[in-house]
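Q: Give me the fold of what follows.
(2 chains)
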2 protein chains.
Amino acid sequence: MDHRRRINELVSGIEGMGLDGAIIFSPENIHYLTGAPFVRGSYGKILFVGKVGEASLIVTDLDYQEVCDTVDSSEIVKTDFMEKPLERLRKIVKDSSRLGFEEGVISAALKEKISGEFKLEPLRGLIEKMRERKDADEIALIERAQSINDRALEKAIENMKEGMSELEIAAELEYYLRKEGEESFAFETIVASGPRGVYPHGMPSTRRPSRGDAVVIDFGAKYGGYCSDMTRTLFFGEPVGEVRRAYEAVREAQERAIDIVRDGVSGREVDAVARGVLDRLGLGNYFVHGLGHGVGIEIHEAPVIGPSNGSPLAPGNVITIEPGAYLPGKFGIRIEDLLVVEKGGKRDLTKFPRELIVI
Amino acid sequence: MDHRRRINELVSGIEGMGLDGAIIFSPENIHYLTGAPFVRGSYGKILFVGKVGEASLIVTDLDYQEVCDTVDSSEIVKTDFMEKPLERLRKIVKDSSRLGFEEGVISAALKEKISGEFKLEPLRGLIEKMRERKDADEIALIERAQSINDRALEKAIENMKEGMSELEIAAELEYYLRKEGEESFAFETIVASGPRGVYPHGMPSTRRPSRGDAVVIDFGAKYGGYCSDMTRTLFFGEPVGEVRRAYEAVREAQERAIDIVRDGVSGREVDAVARGVLDRLGLGNYFVHGLGHGVGIEIHEAPVIGPSNGSPLAPGNVITIEPGAYLPGKFGIRIEDLLVVEKGGKRDLTKFPRELIVI
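A: Numbers count the residues shown, from 1 in each chain, chains lettered A, B, ... in the order given. The predicted structure follows:
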């Protein structure tokens, strides 16, 4: 990973905004700029980047050794015992500096607390915009994370049988995710069968799918700090009638949407293609979410693939395409692939087939 | 769960602060007050609570069905297609209302955005303080979540053998967590062996512990929306010398600290007992974090068990006690139990033994 290049790009950005530096609290942004490992939701580090390109990563004793072993692009500053990273930041930063901060990341309370001491200006998503277009190193990690998904589902299916609960299905799947090299989950695994399938975020339960039930399985591995994301809807016993037609409709919606993905097309246009197919097949009212989202260090990041996003896709965007149909009281269906947008087209990182599978 | 009682307690709190209501964005606080399921980091719902006790949970189509099936204490308001919950909130709230908001939860940008339309006052941790003292229903869920941990580790150990990688150890453990009923992980599983043990948040890797290596395993299940948390350090082959002495020192530090836990004692005092034992045994400089933290809907919540917290513990606090020793380049050791503070004492929810275990 070329962290130095990223820091230089950030420096150009803050110069263009007339700032003297930036203070970064988001563990995801710090990981992007330095490679420092992080745990979700843990705000223990601060990165200071100044306008001549100096970068200081302030960490406590707790993180010091791991950061020393993994970070090479920044000076690593260890706080004293019981000293907070913010106290050390005050000693590093000149009083007169105008500093960019992540207004969408830090809490209103933290902003209030530090705005008395620093001259703060919003960074307006500067780093998140850099992260939207993945470089080759990042794409390689996401591709590897997705191949872990593909292989794990393939192996887990060999062990799936009628009578298993959603929890047992999750157990099999997650076992193989680890065996294939998953360093941590990208998000909570969803296994939702029959009428529970209408819960788009349904956690696995003790429910045992009955014959003909659709089982939505949505999961993702992390590898090298990057997420992957895929969904398949499997059937326990041959599906018939409405649920089978819905499956084929969602599959067609996904294929038609994937067909048009390339740089220059907007998230709104891609969403409209899938929505159009489902409308035509009478399922438009049951597709209750956007078509997809960007994936990278975070499981949900820019760009949005949905009616709200009219901006053109760009090469290096990594996005999901995940149409669904959710019929309350009956069933849910979702099929999701992970794609990298390329010049004039795209590459589908998901190799697992989308044809209907009966367990 | 008595959600109505909790909403009434919140209403008393906001009345005491002279407010007309509160707007709640934190999915954890919304879960506490209504039972609505949530996915970590997902901010799709808004709860409005007014001063006469009316509660409206605003959700999109995506969450509507699941919320209808689980929430009974609040009116459920579904947004129109493409309407954002914030737009609906504007229609519900009277212009003149003074509303409490979660200043430690919402971003500086969101605060800025809504402070033009609502008269906002910080809630000052009102809901988080309520959450510090768990009721009997909550303790029962945490106890169940911890018993899942205990049983899963016991079963996973039967399958552990020399030559396995950290990833394979995680695979075995997580498999049994699911089989025992874990609905989702409480946090990313840590498996860190030998010199990697000094990374307090070390994700499992392809490293295969060698003979005599300490292997730190830190993990937690969620059950009914509540987290559990435990750590054991296992040995692959009989440990000798410094690492064995360190294990026994950390064990003694943990036992002495647990001994004094009861209501009225402060987190600082409990921390000092463990730190004193490790100081006496020459390991004080290698214990680089606080002794513990509260656990509940979130894996890290109040109260802090460390030098910074002089407030007395109270019955219903659920806390970890997790001393450690991390010798850079050599090994890490940590042992962690989950306790509920009671009047005059405590109950240790972790039943797994802390005696040294050799695989």
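
Q: what stretches of chain A score poorly on pLDDT?
A: Nowhere does chain A drop to pLDDT under 70.

Q: the longest helix in it is where?
A: Criterion DSSP state H: the longest helix present in chain A is helix A:136-159.

Q: For it, buried residues please.
A: For helix A:136-159, a neighbour-count test (16 or more other CB atoms under 10 Å in any protein chain shown) marks A:138-139, A:141-153, A:155-157 as buried. For every residue, glycine as well, the C-beta is placed using N, CA and C.

Q: The next helix or strand after that helix and chain B in contact?
A: Next helix or strand after helix A:136-159 toward the C-terminus (DSSP states H and E): helix A:166-179. Yes. Contact check for helix A:166-179 against chain B, using CB under 8 Å from any CB of the partner chain: residues in range are A:167-168, A:170-172, A:174-176, A:178-179.

Q: can you give me the angle helix A:166-179 makes with helix B:166-179?
A: If you take axes from the mean of the first three to the mean of the last three CA atoms, to 10 degrees, helix A:166-179 sits at 180 degrees to helix B:166-179.

Q: With just CA atoms, put helix A:166-179 into PDB.
A: What follows is helix A:166-179 as a C-alpha-only set of coordinates in PDB (Å, rounded to 0.1, in the frame of the first residue of the first chain):
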ATOM      1  CA  GLU A 166     -30.500 -20.700  10.600                       C
ATOM      2  CA  LEU A 167     -27.900 -20.700  13.400                       C
ATOM      3  CA  GLU A 168     -26.400 -24.000  12.300                       C
ATOM      4  CA  ILE A 169     -26.300 -22.700   8.700                       C
ATOM      5  CA  ALA A 170     -24.400 -19.700  10.000                       C
ATOM      6  CA  ALA A 171     -22.000 -22.000  12.000                       C
ATOM      7  CA  GLU A 172     -21.100 -23.900   8.900                       C
ATOM      8  CA  LEU A 173     -20.600 -20.800   6.700                       C
ATOM      9  CA  GLU A 174     -18.500 -18.900   9.300                       C
ATOM     10  CA  TYR A 175     -16.300 -22.000  10.000                       C
ATOM     11  CA  TYR A 176     -15.200 -22.100   6.300                       C
ATOM     12  CA  LEU A 177     -14.800 -18.300   6.200                       C
ATOM     13  CA  ARG A 178     -12.100 -18.700   8.800                       C
ATOM     14  CA  LYS A 179     -10.600 -21.700   7.200                       C
END
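
Q: Let me know the angle separating it from helix A:136-159.
A: Going by the same axes, to 10 degrees, helix A:166-179 makes 130 degrees with helix A:136-159.

Q: Show me how far helix A:166-179 is from its chain's centre.
A: 20 Å (CA atoms, centre = their mean, to the nearest Å).

Q: what does stretch A:58-65 give?
A: The answer for stretch A:58-65 is 26 Å, by CA atoms, centre = their mean.

Q: now stretch A:120-132
A: Relative to its parent chain, stretch A:120-132 has a centroid offset of 17 Å by CA atoms, centre = their mean.

Q: again, but for stretch A:261-275
A: Here stretch A:261-275 shows a centroid-to-chain-centroid distance of 19 Å under the convention CA atoms, centre = their mean.

Q: List the buried residues of that stretch.
A: A:261-263, A:267-275.

Q: Check stretch A:41-56 too.
A: Residues of stretch A:41-56 classed as buried: A:43-51, A:55-56 (neighbour count, 16+ other CB under 10 Å).

Q: how about TSV for these, with distance to chain B and secondary structure added?
A: What follows is the buried residues of stretch A:41-56, written out as TSV (distance: CB to the nearest CB, whole Å; DSSP: H, G, I helix; E, B strand; the rest coil):
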residue	distance to chain B	secondary structure
A:Y43	11	coil
A:G44	9	coil
A:K45	12	coil
A:I46	16	strand
A:L47	18	strand
A:F48	18	strand
A:V49	19	strand
A:G50	22	strand
A:K51	22	coil
A:A55	22	strand
A:S56	20	strand
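
Q: Which members of these are the farthest-apart pair?
A: Using CB to CB, the pair of the buried residues of stretch A:41-56 lying farthest apart is A:G44 and A:K51, separated by 25.5 Å.

Q: Turn the residues of helix A:166-179 next to chain B into JSON lines, columns for distance to A:F38 and neighbour count.
A: Compiled in JSON lines, the residues of helix A:166-179 next to chain B are given as follows (distance: CB to CB, whole Å; neighbours: other CB atoms under 10 Å in any protein chain shown):
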{"residue": "A:L167", "distance to A:F38": "29", "neighbour count": "21"}
{"residue": "A:E168", "distance to A:F38": "32", "neighbour count": "20"}
{"residue": "A:A170", "distance to A:F38": "25", "neighbour count": "29"}
{"residue": "A:A171", "distance to A:F38": "27", "neighbour count": "24"}
{"residue": "A:E172", "distance to A:F38": "29", "neighbour count": "21"}
{"residue": "A:E174", "distance to A:F38": "22", "neighbour count": "26"}
{"residue": "A:Y175", "distance to A:F38": "25", "neighbour count": "22"}
{"residue": "A:Y176", "distance to A:F38": "26", "neighbour count": "22"}
{"residue": "A:R178", "distance to A:F38": "20", "neighbour count": "28"}
{"residue": "A:K179", "distance to A:F38": "24", "neighbour count": "18"}
